[in-house]
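# Okay, predicted coordinates and the sequence, questions at the end:
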Amino acid sequence: MKPYSRRLQLARGRWHDGEVPRSTNTRFAVAVHVLTYLAAERDRPVSSEELAASTAVTAVHIRKVLGPLRAAGLVASRPGAGGGWSLGRDAAQVPLAEVWSLLQGDDPVLGLHGPNPACPVGRGIQATLVDVDRRVADVVRAELAGTTVADLVARAFEGLGDEADVVAPLTDLTG
């Protein structure tokens, strides 16, 4: 395989096995998945292990992702037997823009790099990319502001039947 083939496949939105490549930062996606799960399981605390089974990440990663959300009051945790995670407020009052801001902060959305300042392009490109990144971040936040965790719960179970029938088996993920 030629060295550029892999990049070309990525640019076309495909990996060598036909899958679309994934972002390396999954904190937002994991957080939204967990918040949606907690909203669906609102009647009981959910363990980090059960959330990890649903998201296919480690329980340690779940706790790291949920730390900033707990500090902001979006989730609550209770240690010990019978403990676990729960939503800190009604799912309809949790806009995805807030989750994004808590986890992304002011970090670049586009993964900016440190170009060579000796290069004429390198000297000028950084400011241009920072401006593009800021505009992209504004668009992302604006789009996410119109969606709540409650909206995602409704969409996640759309077409699957009665929500009670869908949610009941979730408790079996760790068994």
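In hand now; what should we look at?
# quick one: contacts for G114?
Neighbouring residues of G114 by CB atoms under 8 Å, 6 or more residues apart in numbering: Q126. For glycine as for every other residue, the C-beta is placed from the backbone atoms N, C-alpha and C.
# what distance separates the start and the end of stretch 76-92?
Distance between the two ends of stretch 76-92: 16 Å, counting by CA to CA, to the nearest Å.
# what separates it from the chain centre, distance-wise?
Here the centre of stretch 76-92 is set off from its chain's centre by 19 Å, with CA atoms, centre = their mean, to the nearest Å.
# Only the buried residues of it, if you could.
A76, S77, G84, W85, S86, L87, G88, A91 (16 or more other CB atoms under 10 Å).
# count of residues packed around the closest residue to the third one other than its chain neighbours?
In this structure, G84 finds its nearest non-sequential neighbour in P45, 3.2 Å apart by CB to CB, 6 or more residues apart in numbering. If you count neighbours by other CB atoms under 10 Å, P45 ends up with 15.
# want to throw the buried residues of stretch 76-92 into TSV with distance to A40?
What follows is the buried residues of stretch 76-92, written out as TSV (distance: CB to CB, whole Å):
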residue	distance to A40
A76	16
S77	18
G84	14
W85	13
S86	12
L87	10
G88	16
A91	9
